[in-house]
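Trainee: sharing a model prediction with you, sequence too.
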Amino acid sequence: MDLENQKRVKDLAEKYGPENIVVLLGAAEGEAAGLAAETVTAGDPTFAGPLTGVSLGLRVYHICEEEVKSEIAEDLYDEQVGMMEMVLDVDDIANEMSGIRDEFCKY
Amino acid sequence: MLIKGGAASTDYERKEEKAMSLLKDQKVIIIGDRDGIPGPAIAACAESAGAEVVFSSTECFV
């Protein structure tokens, strides 16, 4: 995750309270999604950014996961996400995300 | 013992509804991907679900 974005995530979690934050990702692959998810939960696994060693434990989801998709109007989702969703490996992404949440999410 | 069924049930249902909703009334941080789903698309979806988008970005890898 971009280092500036890591700082923003950290600052916003402090400002609003981590229990009130949900992070939504749009990563193209499971690996990238998992990396970003781990960064906002367990801390930056690359030890490069402000979230190094910082376990925010935020709730984090990918926009294509069923838990998120079910809350969005179908026509809007199809319009905004539908086209790209067809070329993503949603199962791989969902597996990565649920694994990270099960292990590191605090809320 | 008198139980106020009507008001208590409504409060319980409201709590259940809030517990079940992932995005409604939540602060959302969006990390989009140029090669995946970009930030503005995710933001439109999140706002439609009742979330407040506090930050949105679209990352790309070069």
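Mentor: Nice, I can see it.

Trainee: pLDDT below threshold where in the chain?
Mentor: Using chain A. Within chain A, no stretch has pLDDT under 70.

Trainee: meant chain B actually
Mentor: B:1-20.

Trainee: what do you get if the cut-off is 50, keeping everything else the same?
Mentor: B:3-4, B:18 (pLDDT under 50).

Trainee: which positions in it make contact with chain A?
Mentor: Proximity of chain B to chain A, by C-beta under 8 Å from any C-beta of the partner chain, involves residues B:21-24, B:26-33, B:35-39, B:41-42, B:44-46, B:48-49, B:51, B:54-55, B:57-59, B:61. (Each C-beta comes from the backbone N, C-alpha and C, glycine too.)

Trainee: the residues you listed, buried ones only, as a PyMOL selection?
Mentor: In PyMOL, a selection of the buried entries from these looks like this (16 or more other C-beta atoms under 10 Å in any protein chain shown):
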select buried, chain B and resi 22+23+26+27+28+29+30+31+32+33+35+36+37+38+39+41+42+44+45+46+49+51+54+55+57+58+59
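
Trainee: how about the strands in chain A?
Mentor: A:21-25, A:59-62 (DSSP state E).

Trainee: of all the ones you listed, which one is nearest chain B?
Mentor: In terms of C-beta to the nearest C-beta, the element of those nearest to chain B is strand A:21-25, at 4.8 Å.
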